[in-house]
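Asker: Have a look at this prediction, sequence included:
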Amino acid sequence: MQSQMKESDPILKIENLFASTDNLTILKGVSLTVYPGEIHAIMGRNGCGKSTLSKIIAGHPSYNITNGDIKFSGENINSLEPEERSQSGIFLGFQYPIEIPGVSNLEFLRVSTNARRKYLKKEELDTFDFEELVKEKLELVKMDHAFLSRSVNQGFSGGEKKRNEILQMALLEPKIAILDETDSGLDIDALRIVASGIKKISNAQTGIILITHYQRLLDEIEPDYVHVMADGQIIKTGGSDLALELEKKGYEWTDNFVKET
Amino acid sequence: MEIIEKIKTNKLTDKQTEIQKICLHKLQSSPLPNPKSELWRLSNKSKFSNFLNYSVNEKHPKSDIPFPENSQNTIRLIIGETCQIKLIKENYSIQQLSENELNKYIKEQIACFDQNENWSDLLNLSLSSTKNFVGLKINGSKIPPIEIFSHASTNSFNAKTLIIFLEKNCDIELLQVNLGKENSSLSQSTFFLLKENSSVNHGVVSYGENRSNLLNSLNVIQQNNSEYNLGALHFKFNYARFEISIKQSAGNAKTNIKGMQLTKKDEQISTYTKIDFNGPNGFLDQINKSLADDKSHAIFEGSIIVPKIAQKTDASQLSRNLLLSNLAQIDTKPQLEIIADDVKCKHGATISQLNEEELFYMRTRGITLPEASKLQLSSYFKEIISFIPVTKDRWDLLDKLLNAN
Amino acid sequence: MGVSLVKVYKANCNGLFLENMVNENLVKDVVKEPYKYGFVTDIETEKISKGLNEDIVRLISQKKEEPKYLLDFRLKAFKKWQKMDEPDWAGLGYKQIDYQDIIYYSAPKQKEKISSLDEVDPKLLETFDKLGIPLTEQKKLTNVAVDAVFDSVSIATTFREELAKHGVIFCSISEAVKNHSDLIEKYLGTVVPASDNYFAALNSAVFSDGSFVYIPKGVTCPMDLSSYFRINSGDTGQFERTLIIAEESSSVSYLEGCTAPMFDTNTLHAAVVELIALDDASIKYSTVQNWYAGDEEGVGGIFNFVTKRGKCLGKRSKISWSQVETGSSITWKYPSCLLLGEESVGEFYSVALTNNLQQADTGTKMIHIGPKTKSTIVSKGISAGNSINSYRGLVKMGRKAAGSRNYSQCDSMLIGDQASANTFPYIKSQQPNSEIEHEASTCRISEDQLFYLQSRGIEFEEAVSMMVSGFCRDVFNQLPMEFASEADKLLALKLEGSVG
């Protein structure tokens, strides 16, 4: 399926990626290609390497790429700093958004939005203009203005943290968004808000990778491709029906898969 | 150690006050603190002798206070420069303590001095001349914020003393600023008496220049129902010690301390605090932060003493430290000594570097590493700085801190 | 029950204090407990004359037929000791010790060479029986090999043949000097140098006996090893020395117990314990210390000045100390770990209970030298009566200890308003890429918790002991099974009394 001819160039192309942390190999040959407008879902048990994959794409310093390439818009990004990746349009929605006591959410959002705008050679926003922009984006995730005056994620509920992530995605307008278990810890209403936010932000130019355990997010956002990961490899790729089958049969079903070549 | 030689041979000044005579006499028997004692064991020996290696300067330097005058609503005082203080207004009065009051109080204090623990005060009181010795009695209500400055002057040793009686039911904001100068040593001792129901927001900001030294001692006595809030900041000294002793003389008092020291290059800055609960129902909430970079050394030692009489004491002490360089070091020792059984006491200490996950999170949002570090550091400082009264200069101060090098 | 107790305790430390519902005196009564091991064994002993000089050191070495290197080791230590000052920094107030008024060697008289337990004086066997440590073949404890030390000498070691099958050496240190001299020469004094401190120097000069353990490469010791120390003579100092070596990928759990009769004089106990763990080796060292603590007025009791230290020499090696300190008039003891090997681990779990006029100054030193080393400290101090219970610890991150972590937790519980609890943590870091975290709290048994337990029909003293036991749970969980229940009982005994 992946080998089909596409009209445009891929946004993200991962080839035979091996990565380790503390001498422990976690990714053992992952390949994945995302074209503009595509939604990919990566599913798999805890510890299969899906969160690691997302962190490595975002450039987490604790992981070493031992083999393989990550190409973003045709450029190898292996040696880019996390901020350079973000500025160029890679967005990682964290599974556990980090609390940063003392740093105001508004300030944080503004600095980060301006960093991206600077890269895009757009005018940087002053506090006043930024307030206007953020107000509009708050609507998308149905967040209250009061969130802005609090410290980054501090004291936020699970749902509020995830909505704050989507708010950041809306502000940064990435070319590719990797959303790591954005659905976990959300009740059904919050899940709908988050899902509709994601849909509104994405367009024919953006690629999305949803990392998830469950079908329920995929009920809201239908993926074009579903990949199943186990032990650091993608062991099966299919359409959205694969997720449904997985939901029905459970992960034990995948234990029998041999890696597709 | 020029000063010590002069103390030993009694060659300091001709005109000695009674207090100076008493303290000099005490010092002559053992002129230096015990280097093995807990208070002094980590002190850098060559920096300490350098601190004492200047001659006492009686001349007052030209004042160049870096803070702009806030407004007419601030009372400003420069030790060594302002002579007569007598402010009698409708609501309040600020007056000089009489020589009698002053001598009586200081003598009482000296009587309880421990040669080692109060060495810094003994040195200060031996060297501080009448001109550099300010005693104030503050009374009344709606008192405007007070700023008190202590200066060092280049190539000399300066000793300044401040004594404040805060009368009953009185409530003030006081910012004390100690300014170091290139190649100078400043000895500042402050004695604070908080009478019943009084309350103070006390800020102590000390910052120096190249090769400046500071020995800053603060003695606070809190009477019943008084509240003492201290926000303190020390940075840019080659060698600085901040020694705080707080005594809740009959318990039933509140103490809040938020202190911070920042060291760079090969500086050594240390904070020693001793909180003595001498009665029941005392309260303490203390946090001390250190940040050590380059080849510097930051030290915190805090002790909380809760004797049997201090039942229902509620005390908490936290030491948080950031170590930013491979060659820097941090020592911390928060300690509890408790005899009373019905108390709640806790302390904690952490030493780490900037939180990597927080940094990574910010970086994935496009914020560069230096910017992200700066954001983290400023949030680290903010908690302390926002506790320092006389608000106007706070953010300027934060900039100074972040850019200090 | 246990679970709910822990919860109750947490609520306590969060500060739920109500008015006094219970008479203070009741609590005081509860912590009184008669010492159950205070009897003296009437046995003929061979003692050398009182006092300490070079000849005495030579005499001890001669009696033990030691090789020259060991005599030299002793003499060197003695010379160093003579030049050292007795420490006073721990702030322990005690009567000056007259080192010339102590007998440095005392051994029960028995046949020259004992080939089997049957030849051991029945009185000695009876003594250990009474202490709950039967040594004879019929009665000996299963699953635990015991080395029984009476005054200055080792009496018997059980299960030796069985252990030998696995290549494990477990014998008295005197025997090890004779039979495994190479190991002694190679390792003795390498963890605690003779000049380390005043009491270590004294021990190095005059040590009489102790246990020696050697676990060969790849061997998991098939049973727990245990030494039981018994001081019998009133005027004899006890200076035992323990050396445990765990070769690569081996592991051992070692238990140590101590008791002494009641005398109205103070007896000095200055032991040295050295542990060495090579690559992937693990040593767990547990102590239940119940030396005689002196009477209610503080007369008599053991001065317990002990140096215990382990060296995690190998990569991924691990040394874990756990201790329950309930006895002794004064305890001065800091079982420590030198974490040299990459990813090595040090642990310290301690419960110290002091009552009457007891003083305990105990804690640990975790010296992180190698990279990615880890240490954990959990200390629980309970002070009752007029006692002083101090935690004193050092955590140090050296320049090369990148990626290392420490976590310390020190909690104190005060019973009665005359007891004192101190916490002196020394924390030092020279490595930015390392983390140190220390927490300490002080609380008491809150009256509302007691009331709650009592309102559910639990007797007052049982409630107190449940609370204390809940307070110590984190540490007890680290003790080997046999010890955990013993420790629990011991605390209960210490706290048991005549209420009402």
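Answerer: Structure's in. What do you need?
Asker: Which residue would you name as the spatial centre of chain A?
Answerer: Relative to the mean C-alpha position of chain A, the nearest C-alpha, by C-alpha atoms, centre = their mean, is the one of A:I178, at 1.3 Å.
Asker: Point me to the helix or strand that includes it.
Answerer: Using DSSP states H and E, A:I178 falls within strand A:176-180.
Asker: any chance you could map the helices in chain C?
Answerer: C:2-13, C:24-30, C:54-63, C:68-83, C:122-130, C:160-165, C:173-179, C:181-187, C:198-206, C:447-455, C:460-471, C:473-476, C:481-495 (DSSP state H).
Asker: lowest-confidence stretch among those?
Answerer: Sorting those by mean pLDDT places helix C:2-13 lowest, at a mean of 27.
Asker: Can I get stretch C:204-217 in CSV? Just the C-alpha atoms.
Answerer: Taking C-alpha atoms only, stretch C:204-217 is exported to CSV below (Å, rounded to 0.1, in the frame of the first residue of the first chain):
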residue,chain,number,x,y,z
SER,C,204,42.5,-3.1,64.0
ALA,C,205,45.0,-3.3,66.8
VAL,C,206,43.2,-5.6,69.1
PHE,C,207,40.4,-7.4,67.2
SER,C,208,39.9,-10.8,68.6
ASP,C,209,37.5,-12.7,66.4
GLY,C,210,34.5,-12.3,64.1
SER,C,211,33.2,-13.9,61.0
PHE,C,212,34.6,-14.4,57.6
VAL,C,213,32.5,-15.1,54.5
TYR,C,214,33.6,-15.8,51.0
ILE,C,215,31.2,-16.4,48.2
PRO,C,216,32.8,-17.7,45.1
LYS,C,217,32.1,-16.5,41.5
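Asker: Identify each buried residue in it, please.
Answerer: Neighbour-count burial for stretch C:204-217 flags C:204-216 (criterion: 16 or more other C-beta atoms under 10 Å in any protein chain shown). To be clear about C-beta, it is placed using only N, CA and C from the backbone, and glycine gets the same treatment.
Asker: and which of those is nearest A:S149?
Answerer: Checking these against A:S149 by C-beta to C-beta gives C:I215 as the nearest, at 61.2 Å.
Asker: wait, isn't the closest one in contact with C:S249?
Answerer: No. C:I215 lies out of contact with C:S249 (C-beta atoms under 8 Å); the separation is 9.8 Å.
Asker: where does the residue in chain C that chain A sits nearest to fall, phi/psi-wise?
Answerer: Among the residues of chain C, C:K372 lies closest to chain A, at 8.5 Å counting by C-beta to the nearest C-beta. The phi and psi values for C:K372, taken as degrees, to the nearest 10, are phi 50, psi 30.
Asker: Now do it, the pLDDT please.
Answerer: pLDDT, read off for C:K372, is 96.
Asker: Where does the prediction get shaky in the stretch 1-150 of chain B?
Answerer: Within the stretch 1-150 of chain B, the ranges that satisfy pLDDT under 70 run B:13-14, B:58-72, B:82-83.
Asker: Quick one: the strands in it, in order.
Answerer: B:75-78, B:86-88, B:92-96, B:133-140, B:146-151 (DSSP state E, counting those that start in this stretch).
Asker: Run through the neighbouring helices and strands of the shortest one.
Answerer: Put plainly, it is strand B:86-88. Judged by 3 or more C-beta pairs under 8 Å, 6 or more residues apart in numbering or on different chains; DSSP states H and E, strand B:86-88 is in contact with strand B:92-96.
Asker: one step back: show the average pLDDT along whatever helix or strand comes next after the strand holding A:I178.
Answerer: Scanning forward in sequence from strand A:176-180 by DSSP H and E, the next helix or strand is helix A:188-201. In this model, helix A:188-201 has an average pLDDT of 89.
Asker: and chain B, which residues reach chain C?
Answerer: Neighbours of chain C within chain B, by C-beta under 8 Å from any C-beta of the partner chain: B:308, B:311-312, B:314, B:319, B:321, B:323-353.
Asker: same thing but 6 Å
Answerer: For chain B, the residues found near chain C under the criterion C-beta under 6 Å from any C-beta of the partner chain are B:308, B:323-324, B:329-333, B:335-339, B:341, B:344-353.
Asker: Who are the contact partners of whatever residue of the stretch 151-300 of chain B ends up closest to chain C?
Answerer: When scored by C-beta to the nearest C-beta, the stretch 151-300 of chain B has B:A292 as its residue closest to chain C, at 8.8 Å. By C-beta atoms under 6 Å, 6 or more residues apart in numbering or on different chains, B:A292 lies in contact with B:T263, B:A298, B:L323, B:A328, B:I330.
Asker: Quick check: the farthest pair among those residues?
Answerer: The most distant members of the contacts of B:A292, if one measures by C-beta to C-beta, are B:T263 and B:L323, lying 10.4 Å apart.
Asker: neighbour-wise, which of the two wins?
Answerer: Each of B:T263 and B:L323 has its neighbours counted (other C-beta atoms under 10 Å in any protein chain shown); B:T263 has more, 30 against 27.
Asker: ok, back up a step: count the residues that sit near the residue of chain C closest to chain A.
Answerer: For C:K372, the neighbour count with other C-beta under 10 Å is 21.
Asker: B:A111 now?
Answerer: Around B:A111 there are 8 residues (other C-beta under 10 Å).
Asker: just the one 5 residues further on next, same as before
Answerer: A total of 15 residues lie near B:N116 under the criterion other C-beta under 10 Å.
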